[in-house]
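S.K.: Build me a structure from this.
(one chain, ligands or ions: 1)
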Amino acid sequence: MATTFTYDVVIIGAGPAGMCAGMYAGRSMLKTVVLERGFPGGELLNTELIEDYPGFEHVLGHELAQKFADHAAKFGAEFKTGVIVESVRKLGDGTFETRTESGDLYVSPSVIITAGGTPVKLGVPGELEYAGKGVSYCAICDGAFFREQTIAVIGGGDAAVEESDFLTRYASKVYLIHRRHELRASKILQERLLSNPKIEVIWDTVVDRVEGDEQGLVRSLKLRDVNTGDERDLAVTGMFVFIGFRPNTGIIADHVAHDDMGYLVTDANMQTSMRGLFAAGDVRSQLTRQVTTAVGDATTAAIAAEKYLKALEDGNPAERLAGTGGYAV
Ligand code: NAP
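M.R.: All right, here's what the predicted structure looks like:
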């Protein structure tokens, strides 16, 4: 049976940003719930080893996720997993209504969206099986694991071209595999790519399958020339896929400002163009998307949400009714 729950703050998505926001909101004694469709962890669960989180020289992604979740729960944040959020809507009285696929309603005066984004997948056999074992969607996160190795990058846009160049800091050889004979990337990035002696472009080619060795690590890619249909094996130990990234913003029912790639635009307090709706982590328009930036955003968002709630409590009806009005954070 569908149920209505009432909270001070509803956090959507239990990746690093959501769990950190949960910790801060819980610690501020706000009645807090973190809604997650899978398990707490987000992108941490797709990352084998993390080497760039301060204080942890090496930590397994799932271990760090567990620490984040335990820490947030210790301060009173409630986690609800297996919950798929269908929509978030702001009602006329300024309250938010978060509706789940099962019909439950979460009513709250503030919402923090930490729903992240999803790298577009190739959708070929072996891709998901070897994710975190040679298949990656993040060069900054995983590049250092491929020192002096031969790897492949898939895509022909700015991201694929820029990250191929970046990956040559580590890899001895990078194949850029593109399905056409023309790159979509900007000219300046193309020039940098083509003048890098460690990069070789394989044109008009798609990956049909990712293959692994007996240790369960990537060993080769089965390639197909789209013009001739010829197949061949390419020996690589890594495959980085950059064929697009989609922020998970489709649940927001009303118009909220976003950049031209769909990421939510916030002010310095992580508040979106809608009063009371905050965003943190990969879903937010910003320069880079790291665990460290996600938790930084989330800290600000949770503290700003607390101050927003205090302003409402102190009786600022304009704030509540029209979603406008001043409060200092
Ligand atoms: P993108 O520009 O949409 O490019 C995606 C690339 O992946 C395209 O080359 C596309 O091939 C290819 N692709 C798509 N689906 C594929 C599939 N199933 N199999 C094989 N290849 C596939 O995406 P992006 O590179 O992530 O960039 C997204 C946005 O971010 C762009 O606006 C970009 O300018 C911006 N960006 C800018 C910078 C920068 O300025 N430094 C860096 C990163 C991203 P086709 O070309 O054949 O369609």
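
S.K.: Those residues of the stretch 201-329 of the chain touching the ligand, which are they?
M.R.: Counting by CB under 6 Å from any ligand atom, the stretch 201-329 of the chain comes close to the ligand at 206, 242, 243, 244, 245, 261. Where you see a C-beta, it was placed from the backbone N, CA and C, and this is true even at glycine.

S.K.: Where is pLDDT lowest across the residues you listed?
M.R.: By pLDDT, residue 245 ranks lowest within these, coming in at 86.

S.K.: for this structure, which spans come out with low pLDDT?
M.R.: Counting by pLDDT under 70, the chain shows low-confidence ranges at 317-329.

S.K.: Which residue, neighbours along the chain excluded, lies closest to whichever residue of it sits closest to the ligand?
M.R.: Residue nearest to the ligand within the chain (CB to the nearest ligand atom): residue 157, separated by 2.4 Å. Nearest non-adjacent residue to residue 157, counting by CB to CB, 6 or more residues apart in numbering: residue 184, 4.6 Å away.

S.K.: so where does that neighbour fall, helix or strand?
M.R.: Using DSSP states H and E, residue 184 maps to neither a helix nor a strand.

S.K.: ditto for residue 278
M.R.: With DSSP H and E as the test, residue 278 turns up in strand 277-279.

S.K.: Please enumerate residues in contact with that strand?
M.R.: Defining contact as CB atoms under 8 Å, 6 or more residues apart in numbering, one finds that strand 277-279 is touched by 88, 90, 96, 110-114, 252, 256, 264, 266, 269-272, 297, 301, 304-305.

S.K.: Pull out the buried members of those residues.
M.R.: Buried residues within the contacts of strand 277-279, defined by neighbour count using 16 or more other CB atoms under 10 Å: 88, 90, 96, 110-114, 252, 256, 264, 266, 270-272, 297, 301, 304-305.

S.K.: In helices, which of these fall?
M.R.: 297, 301, 304, 305 (DSSP state H).

S.K.: Against residue 21, how distant is the second one?
M.R.: When you say that, I think you mean residue 301. From residue 301 across to residue 21, the span is 6 Å (CB to CB, to the nearest Å).

S.K.: and for these two, which residues touch both?
M.R.: Common contacts of residue 301 and residue 21 (CB under 8 Å, 6+ apart): 112, 114, 280.

S.K.: check contacts around the first one.
M.R.: Just to be clear, that refers to residue 112. With contacts defined as CB under 8 Å, 6+ apart, residue 112 is in contact with 9-12, 18, 21, 25, 270, 278-280, 298, 301-302, 305.

S.K.: returning to what we had before: between the residues of the stretch 201-329 of the chain next to the ligand, which has the most around it?
M.R.: Ranked by neighbour count (other CB atoms under 10 Å), these have residue 242 at the top, with 24 neighbours.

S.K.: Turn the residues of the stretch 201-329 of the chain next to the ligand into a markdown table, including secondary structure.
M.R.: Formatted as a markdown table, these follow (DSSP: H, G, I helix; E, B strand; the rest coil):
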| residue | secondary structure |
| --- | --- |
| 206 | strand |
| 242 | coil |
| 243 | coil |
| 244 | coil |
| 245 | strand |
| 261 | coil |
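
S.K.: Specify which member of those is nearest to residue 191.
M.R.: residue 242 (18.4 Å; CB to CB).

S.K.: So that closest one sits against residue 154, correct?
M.R.: Yes - Residue 242 is within contact range of residue 154, at 6.8 Å (criterion: CB atoms under 8 Å).

S.K.: got any residues that touch both of the two?
M.R.: Overlap of the contact sets of residue 242 and residue 154 (by CB under 8 Å, 6+ apart) consists of residue 160.

S.K.: circling back: output the residues of the stretch 201-329 of the chain next to the ligand in JSON lines, with distance to residue 235 appended to each entry.
M.R.: What follows is those, written out as JSON lines (distance: CB to CB, whole Å):
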{"residue": "206", "distance to residue 235": "18"}
{"residue": "242", "distance to residue 235": "21"}
{"residue": "243", "distance to residue 235": "22"}
{"residue": "244", "distance to residue 235": "27"}
{"residue": "245", "distance to residue 235": "28"}
{"residue": "261", "distance to residue 235": "35"}
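
S.K.: Of the residues you listed, which is the nearest to residue 123?
M.R.: Set against residue 123, the nearest of those by CB to CB is residue 243 (9.9 Å).

S.K.: how about the helices in the stretch 101-250 of the chain?
M.R.: 139-142, 158-167, 187-194 (DSSP state H, counting those that start in this stretch).

S.K.: Mind listing what's buried along the second one?
M.R.: The reference is to helix 158-167. Those would be 158, 159, 160, 161, 162, 163, 164, 165, 166, 167, for helix 158-167 by 16+ other CB under 10 Å.

S.K.: Can you report how many residues neighbour residue 98?
M.R.: As a burial measure, residue 98 scores 25 neighbours (other CB under 10 Å).

S.K.: if we can go back for a sec, tell me the one of the buried residues of helix 158-167 nearest residue 38?
M.R.: Nearest to residue 38 among the buried residues of helix 158-167 is residue 159, at 24.8 Å by CB to CB.

S.K.: pretty sure the closest one is touching residue 242, no?
M.R.: Yes - counting by CB under 8 Å, residue 159 touches residue 242, with 4.0 Å between them.
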